[in-house]
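J.: build me a structure from this.
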Amino acid sequence: MNTPSENDRKIILNIFNRKIPLHKHLNLEFDIDPTPRAIAKSNIPDNAMGYRFVHGGFIATMLDAVGSLQVVINIMLNENLSEKEKLEKVSRVSTIDIRIDFVNPASQEELTATAETIKIGNHVAFIKAEARETNGKIIATSSATYRTG
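T.: As a prediction, the model looks like this:
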């Protein structure tokens, strides 16, 4: 499978790691693996902790963000679009619907979320994601629909 060019990769990661204030506030760091699959990691900030476990809203936000990144990766890989068209579509990516299934409470200090594309079309993308602790324990899964342009 194709992977984003180094230039596209830098543009995408700059947006997700530097330009979105919520991502910085939540200590989210994004990357793209060679498959290409979106990855988000976070050292859990104190304000994301509930009584003893990571707050579900933090986990949901992390899954939504990594799903959005997966959509952006797919748009940037579309060879039928010009660079300008790609960036216009990227600017319109938004969540239509997301379902989160919380499987286990998260108690570790770091979480990793990954996403995969189920299907992407001209207007809608279907993405699955999961969050895990560093020991591999699954914390939550999501199934989401995103607007792609």
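J.: which residues are in contact with F58?
T.: For F58, the contact set (Cβ atoms under 8 Å, 6 or more residues apart in numbering) comprises 26, 44, 48. (Each C-beta comes from the backbone N, C-alpha and C, glycine too.)
J.: as JSON lines, those with secondary structure would be great.
T.: Putting these into JSON lines (DSSP: H, G, I helix; E, B strand; the rest coil) gives the following:
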{"residue": "L26", "secondary structure": "coil"}
{"residue": "I44", "secondary structure": "coil"}
{"residue": "A48", "secondary structure": "helix"}
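J.: now the helices for this structure?
T.: 6-14, 21-25, 56-76, 83-91 (DSSP state H).
J.: what sits up against the last one?
T.: What it means is helix 83-91. Residues contacting helix 83-91 (Cβ under 8 Å, 6+ apart): 8, 12, 15, 72, 75-76, 78, 81, 148-149.
J.: tell me how far the residue nearest the centre of the chain lies from F16.
T.: Nearest to the geometric centre of the chain sits V66, at 0.6 Å (Cα atoms, centre = their mean). Shown here: V66 relative to F16, a distance of 9 Å by Cβ to Cβ, to the nearest Å.
J.: need the residues touching each of those two.
T.: Common neighbours of V66 and F16, counting by Cβ under 8 Å, 6+ apart, are F30.
J.: does V124 really touch G149, like I thought?
T.: No: the criterion here is Cβ atoms under 8 Å, and V124 misses it with G149 at 9.4 Å.
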